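A.B. asks: missing the sequence, but the structure's below:
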C-alpha cells in the first residue's frame, strides 16, 4: 500500500471554480490568505471526514 498517496487535495483551480460560482473575485496575492482560512476551517475536521468514510465502508454491503 502506498502510504504517501494523496487522497484529496484542494487546488487553486478548485478555488477559482468556487469563486466563479459565487461571483467573488480574488487575486494571486489572496491565495495565501485563502489557503490559511481553508486550513483554519478544516483544522482537525479532516479526521472526521476520514472517520465518516471508514464508518461508511464498515456498514456497506459486501460486494
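C.D. replies: Perfect, thanks for sending it. Being a predicted model, the structure only gives us computed values, none of them experimental. Residues are numbered from 1 along each chain as shown.
A.B. asks: hey, let's count contacts and neighbours off CA atoms from now on
C.D. replies: OK.
A.B. asks: where are the low-confidence patches of this protein?
C.D. replies: 63 (pLDDT under 70).
A.B. asks: just the helices in it please.
C.D. replies: 12-22, 31-42, 45-59 (DSSP state H).
A.B. asks: who wins for proximity to residue 2 among the ones you listed?
C.D. replies: helix 45-59 (16.8 Å; CA to CA).
A.B. asks: follow-up on the earlier one: would CSV of the helices of the chain with distance to residue 4 and mean neighbour count be doable?
C.D. replies: CSV is the format used below for these (distance: least, CA to CA, whole Å; neighbours: other CA atoms under 10 Å):
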stretch, distance to residue 4, mean neighbour count
helix 12-22, 21, 12
helix 31-42, 20, 12
helix 45-59, 16, 11
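A.B. asks: turn those helices into a markdown table, including distance to residue 3.
C.D. replies: Putting the helices of the chain into a markdown table (distance: least, CA to CA, whole Å) gives the following:
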| stretch | distance to residue 3 |
| --- | --- |
| helix 12-22 | 25 |
| helix 31-42 | 21 |
| helix 45-59 | 15 |
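A.B. asks: quick one, which of the ones you listed is nearest to residue 5?
C.D. replies: Of the helices of the chain, nearest to residue 5 by CA to CA is helix 45-59, at 14.5 Å.
A.B. asks: and that closest one, how far from the chain's centre?
C.D. replies: 14 Å (CA atoms, centre = their mean, to the nearest Å).
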